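>>> what shape does this take:
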Amino acid sequence: MKSERSVGIDCLRAISIIWVLLYHFVPLQAFNRGTFGVLLFFIISGYCIAFSAETSQTAWHFYAKRLGRLLPALIVCGFLTTLFKILAPELVEPGRGLKWVHYVYTLIALPTLNVLQVNYNLPDGAYWSLQIEFQFYFFCFLMMVLGLKQRLLALLCAVTIFRTVTTSTDYYTSNDFFPFFIAGMSVAALVRGRTREAIAGLIVAFSVELYHLKMGVKQPSAQIEMYRSLLLWFGTAAVYLAARYDHLLPRWSSALAFIGVISYPLYLIHQDVGMMILHWAHVGRDSVGDMLIRAFVLPAFLAAIAWLVYVLVEKPAIKPLTRFLADPLGWLRQWQPAIARRGYPATERSGDVARQDLPIG
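Numbers count the residues shown, from 1 in each chain. This is a model prediction of the structure:
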């Protein structure tokens, strides 16, 4: 079994987030396709989720791991973004305003795919990709509920093909991004030695993306064009090389991998907060000094915030939260011996009825 983290995959995460940061902050033609960084994230996500599903004991265990992974940083970064917007509304771009109720509902809407169909504003514009991610997670969860864990890739391919040929080219959906997840899962299958399954998945991923291109499918979040198809092809190759040959990376790559480690909180906190900071500091777009601030100083400052979130919240919270979500009753039972040692009886019985006595406060 692979180690929990791959230096090669973390380096690709770093490239993805740097790509997105430059797109949002540096107004140069060379960085005008920053959403491609998000698409690379999707390929990486497909690769990682294939292993996560394989090692999950149940469907709920799989989803609990996803929630445990995503919620800690989302809660903190969403809170900080909302707080900054409410404290300094004059720095917020038009249409980006936020209320606390929107932040709270985001934490409910994303994991549940907004089942209540409530209109709300995301705390940050970058959160749109989380909506796509959770739709992918929910598909995997549903297939596992049906006992089809071993057929996840094949079923994802079938569903994507069906949705593609039955959906109007003018109606954009999460299906437009599923080829990237399929490509990532196919790489995982290839690494596992399931060559036929991997080749079939790659053929479906590349064919569906070319269909999007040929039919002129509309996708406002990440315009469908030849460059996007090239990103899919080269991104898939990059994930494979990173997964298979990460042991050959030079020592200095660990510095790049560190950025990949904090890439998730950095992604969550960067866009709207970064724009507010630029507005507050009156940083323009023309001088060399302005460009240096946009390209290096601001990303470094946001990375420092992301590192604090990772160290103080994300890293220590992921495993305990996952254990709690996966088995709340088991999590409570493990505390009973400690409660008893403090002088509180773990259980009291009256007849056939057992009652837990927990200390108040």
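
>>> so V204 touches C157, yeah?
Yes. Under the criterion of C-beta atoms under 8 Å, V204 makes contact with C157 at 4.2 Å. Any C-beta I mention is one placed from the backbone N, CA and C, and that applies to glycine too.

>>> need the overlap of contacts for those two.
The contact sets of V204 and C157 overlap at I182 (C-beta atoms under 8 Å, 6 or more residues apart in numbering).

>>> list the contacts of A257.
Here A257 is in contact with 7, 10-11, 14 (C-beta under 8 Å, 6+ apart).

>>> which SS class is it?
Applying DSSP: H, G, I helix; E, B strand; the rest coil to A257 yields a three-state assignment of helix.

>>> quick check: the closest residue to it other than its chain neighbours vs P89, distance?
Excluding the flanking residues, the one nearest A257 by C-beta to C-beta, 6 or more residues apart in numbering is D10, at 3.8 Å. To P89, D10 is 37 Å away according to C-beta to C-beta, to the nearest Å.

>>> let me see the contact set for the nearest residue to W280 once chain neighbours are set aside.
Nearest in space to W280, with sequence neighbours left out and distances taken as C-beta to C-beta, 6+ apart, is L91 at 5.4 Å. Applying C-beta under 8 Å, 6+ apart to L91 gives the contacts 84, 276, 279-280.

>>> thinking again about what came up before, of D10 and P89, who's got more company?
Neighbours were counted for D10 and for P89 using other C-beta atoms under 10 Å; D10 has more, 23 against 12.

>>> elements contacting the lengthiest helix in the chain?
When the chain is parsed with DSSP state H, its longest helix is helix 59-87. Applying 3 or more C-beta pairs under 8 Å, 6 or more residues apart in numbering; DSSP states H and E, one finds that helix 59-87 contacts helix 35-54, helix 100-112, helix 128-145, helix 263-280, helix 298-309, helix 315-326.

>>> point out where this protein drops to low pLDDT.
Low-confidence segments of the chain (pLDDT under 70): 1-4, 335-361.

>>> run through who's touching stretch 81-88.
91-92, 96-100, 102-103, 123-124, 268-269, 272-273, 276, 280.

>>> mind running it again at 7 Å?
92, 97-98, 100, 103, 123-124, 269, 272-273, 276 (C-beta atoms under 7 Å, 6 or more residues apart in numbering).

>>> tell me the buried residues in it?
81-82, 84-85 (16 or more other C-beta atoms under 10 Å).

>>> about what we covered before: among the contacts of stretch 81-88, which ones are buried?
Buried among the contacts of stretch 81-88 (16+ other C-beta under 10 Å): 92, 98, 103, 123-124, 269, 272-273, 276.

>>> can you give me the neighbour number for L155?
Neighbours of L155 using other C-beta under 10 Å come to 17.

>>> all helices of the stretch 101-250 of the chain, in order?
128-145, 152-166, 178-191, 195-215, 226-244 (DSSP state H, counting those that start in this stretch).

>>> how about these, which one is nearest P299?
helix 128-145 (18.5 Å; C-beta to C-beta).

>>> what comes into contact with the closest one?
So helix 128-145 is in contact with 38, 41, 45, 49, 53, 59, 62-63, 66, 110-111, 113, 122, 149, 152, 155-156, 174, 177, 181, 221, going by C-beta under 7 Å, 6+ apart.

>>> ok, and the closest non-adjacent residue to W307?
I262 is the one closest to W307 (C-beta to C-beta, 6+ apart), at 5.2 Å.

>>> how is the protein carved up into domains?
7-326, 327-361 (automatic domain parsing).

>>> can you say which of those domains is packed in most?
domain 7-326 (a mean of 18; mean count of other C-beta atoms under 10 Å).
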